[in-house]
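K.L.:
For reference, the sequence and a predicted model appear below.
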Number of protein chains: 2
Amino acid sequence: MHIDPLRTVAKEMKFLTGNIRQLLGSGHPALDRVAKYYTQAEGKHVRPLIVLLMSRATALCPKNESAPASTHDSINSSISPLDILSDANPSSPLSSYSSEPEFTESDILPSQRRLAEITELIHTASLLHDDVVDHSVSRRGSPSANFEFGNKMAVLAGDFLLGRASVALARLRNAEVIELLATVIANLVEGEFMQLKNTARDERNPTYSEEIFNYYLQKTYLKTASLISKSCRAAALLGRADPVTVDAAYAYGRNLGLAFQLVDDILDYTQSGKSLGKPAGADLELGLATAPLLFAWKTTPELGSLVGRKFEQEGDIQRARELVIKSSGIEQTRALAEDYSQRAISALDTFPNSEAKDGLVDMAMKTLKRQK
Amino acid sequence: MHIDPLRTVAKEMKFLTGNIRQLLGSGHPALDRVAKYYTQAEGKHVRPLIVLLMSRATALCPKNESAPASTHDSINSSISPLDILSDANPSSPLSSYSSEPEFTESDILPSQRRLAEITELIHTASLLHDDVVDHSVSRRGSPSANFEFGNKMAVLAGDFLLGRASVALARLRNAEVIELLATVIANLVEGEFMQLKNTARDERNPTYSEEIFNYYLQKTYLKTASLISKSCRAAALLGRADPVTVDAAYAYGRNLGLAFQLVDDILDYTQSGKSLGKPAGADLELGLATAPLLFAWKTTPELGSLVGRKFEQEGDIQRARELVIKSSGIEQTRALAEDYSQRAISALDTFPNSEAKDGLVDMAMKTLKRQK
């Protein structure tokens, strides 16, 4: 039987974008326009989808009886009585917190739905800033925000999303969850920075080493898997799951995140720009050596000099592509992605059977098949 | 008797920069360099100084007996057991949390000292991003970070500071304090945005209205006073002060913050670039109409057309300066700043006498006298 993971949480997903846009209301039309720009686009909302599925799947798992009774799970938490000046926006987002969303009966808690929205806000903020840093001109088949509104507005809008995400997070009133997601924000920057530094490698003609691959994996964890893994852990924590389940949720997210990025790195070699909605071969253009190239480099020392000069000479990018495609780099990357995907699925072994669990398994399999 | 506010918390201030730099250790030298750049400069550390004074002054005030007993005030809070990959940095900042600083006996709590550091991190992050947004080339007499390291690194470093500030904040394990400071992050962006939008005013020849002045005050609260006021409130909350004291701490910070910015706006008209450590008249260059000009505009309608075209025509800036200086705009701004400063001092009426209270009063008076 084939499960459509989206169907399992279709009702929740339906309200996601609306709720996110409510969280982002600032009362300043120009700021709203940029802040909501990437939420309008035909995003896949993979991260919130996973958080919602994980919330539902872990609802059936054993509870942590020693955990403090869920102090709030209405997110109608008290609003500090600040003076009028501090309430910046007429269409205050505060109201969106105190009016509870549309469901009252659900195994997915209001806090878990809010968490799903927060993961999307953090992800979108990082896209806004990464596109400034990478000078990207397009995203998902449309002009990038920095291209459309300028760097200035893209930086500000990213900060604004982070600010609103932090406030929403604080209102979850769960210290461990707040710390997890705050760590994600720091991780995303470190990951982006490791990637940037990588491209600025000084050596002229480096030789391949395991260290280089480990650096790449570390970067990939920080930049991609940290958000997914820590928000899966957070979803389980909010549901008061027992420690075994919390760790399993984390392991699922971590392995899925790594598989996801490995596939992304493959697509940059195998897909056309048109089908990706962003320029193909963008990684090499940015001077980035990702998994397919690193595997190829192992048996093709010639790649070292190209890496060393960041593919900057005329013809370097073309040559690197050829060498990678001729090698088994793409196959090896795919094998590694399959391995991580399998590990993600195995992490769910202790979960009782459910449609949501099937949805998570399906997400892990679909990650390998996606074409963009 | 004259109190030097710095002396009152000199020991705590001595360790501030060191602790901040520990919080910012990433294990990536290039990132460290940018992240620590504005902490090396001869900063005045006004915000942490105020937080420390407020912590000490409120320690003598009545306690909130109904508040939950200070759950932690060691900040040695538990570190989530994440896998090795998530621990990005060799010189992990985690260690700086679990080893407690140098004092063990003090009326200033470890969490309040950490709060002082967090306020400086948030402030510094906002400087980094504001300088990118405003294309500033200098700050405190040195090249700005964006000028020295490029926009890319300045954006990343600002994000990194915010990320680390969020983690440190989460570890304070005080929900109300976390929410207050998270709100500050959102406020700073809204304030910067309001300022940006202000400069992009569409009308050709606007007439002065009270609404324009209120908009300016709102912007000033969000961009400058929000951080000071909410961190004063947070300091009192961490010390378990009673609600009257908490509100008084907030009122002090809010009025001081507004006074501070009004004086800043005056200095932009009266000081030379050399003594400011940044270009003088920078506000007009950016198209900004601040309090002195707004007061002048009330009686000098000619300023409307200059505001309308954002001082962009040859000679506009010079003309605007002349009109402002000829008017009573600067005097009126000074009177308003004095009023706010006085209100800040009055907010402390209920506090028992102490050296720290005298320090806070002195800070409010010094704000009016500062020359840069």
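P.N.:
Good, I have the coordinates.
K.L.:
Okay, and the nearest residue to residue A:236 once chain neighbours are set aside sits in which element?
P.N.:
Using C-beta to C-beta, 6 or more residues apart in numbering or on different chains and skipping the chain neighbours, the partner closest in space to residue A:236 is residue A:249 (3.9 Å). C-beta: built from backbone N, CA, C; applies to glycine. Using DSSP states H and E, residue A:249 sits within helix A:243-270.
K.L.:
In that helix, which residues are buried?
P.N.:
A:245-266, A:268-269 (16 or more other C-beta atoms under 10 Å in any protein chain shown).
K.L.:
Surely residue A:25 forms part of a strand?
P.N.:
No. According to DSSP: H, G, I helix; E, B strand; the rest coil, residue A:25 belongs to no strand; its state is coil.
K.L.:
Assess the claim that it and residue A:31 are in contact.
P.N.:
No. Residue A:25 is beyond contact range of residue A:31, at 9.8 Å (criterion: C-beta atoms under 8 Å).
K.L.:
who has more neighbours, those two?
P.N.:
residue A:31 (24 against 19; other C-beta atoms under 10 Å in any protein chain shown).
K.L.:
so what's the closest residue to the more buried one other than its chain neighbours up against?
P.N.:
Ranked by C-beta to C-beta, 6+ apart and with sequence neighbours excluded, the top spatial neighbour of residue A:31 is residue B:193, at 4.9 Å. Residues in contact with residue B:193 (C-beta atoms under 8 Å, 6 or more residues apart in numbering or on different chains) are A:26, A:28, A:30-31, A:156, A:160.
K.L.:
Tell me the one of these nearest residue A:50?
P.N.:
Within these, proximity to residue A:50 (C-beta to C-beta) peaks at residue A:160, which comes in at 24.7 Å.
K.L.:
From chain B, how far out is the closest one?
P.N.:
4 Å (C-beta to the nearest C-beta, to the nearest Å).
K.L.:
Same check on residue A:261?
P.N.:
13 Å.
K.L.:
Can you give the distance of the helix or strand that the residue nearest to residue A:31 is a member of from its chain's centre?
P.N.:
Using DSSP H and E, residue B:193 sits in helix B:175-199. Here helix B:175-199 shows a centroid-to-chain-centroid distance of 11 Å under the convention C-alpha atoms, centre = their mean, to the nearest Å.
K.L.:
Residue A:288 falls within a helix, correct?
P.N.:
No. Inclusion of residue A:288 in a helix is not indicated when three-state DSSP is applied; the result is coil.
K.L.:
Which element is encountered next along the chain beyond the lowest-mean-pLDDT helix or strand in chain A?
P.N.:
Ranked by mean pLDDT, DSSP states H and E, the weakest helix or strand in chain A is helix A:94-98, scoring a mean of 37. Proceeding N to C from helix A:94-98, the next assigned helix or strand is helix A:110-133, under DSSP H and E.
K.L.:
what's the helix or strand hosting residue A:346 packed up against?
P.N.:
Per DSSP H and E, residue A:346 falls inside helix A:329-347. The criterion is 3 or more C-beta pairs under 8 Å, 6 or more residues apart in numbering or on different chains; DSSP states H and E, and the helices and strands that helix A:329-347 contacts are helix A:243-270, helix A:291-299, helix A:355-369.
K.L.:
Report all helices and strands that the last one contacts.
P.N.:
On a contact count with 3+ C-beta pairs under 8 Å, 6+ apart, helix A:355-369 meets helix A:5-8, helix A:46-58, helix A:243-270, helix A:329-347.
K.L.:
wait, which of these is closest to residue B:108?
P.N.:
helix A:243-270 (35.7 Å).
K.L.:
Next, the angle helix A:355-369 makes with the closest one.
P.N.:
30 degrees (axes from the mean of the first three to the mean of the last three C-alpha atoms, to 10 degrees).
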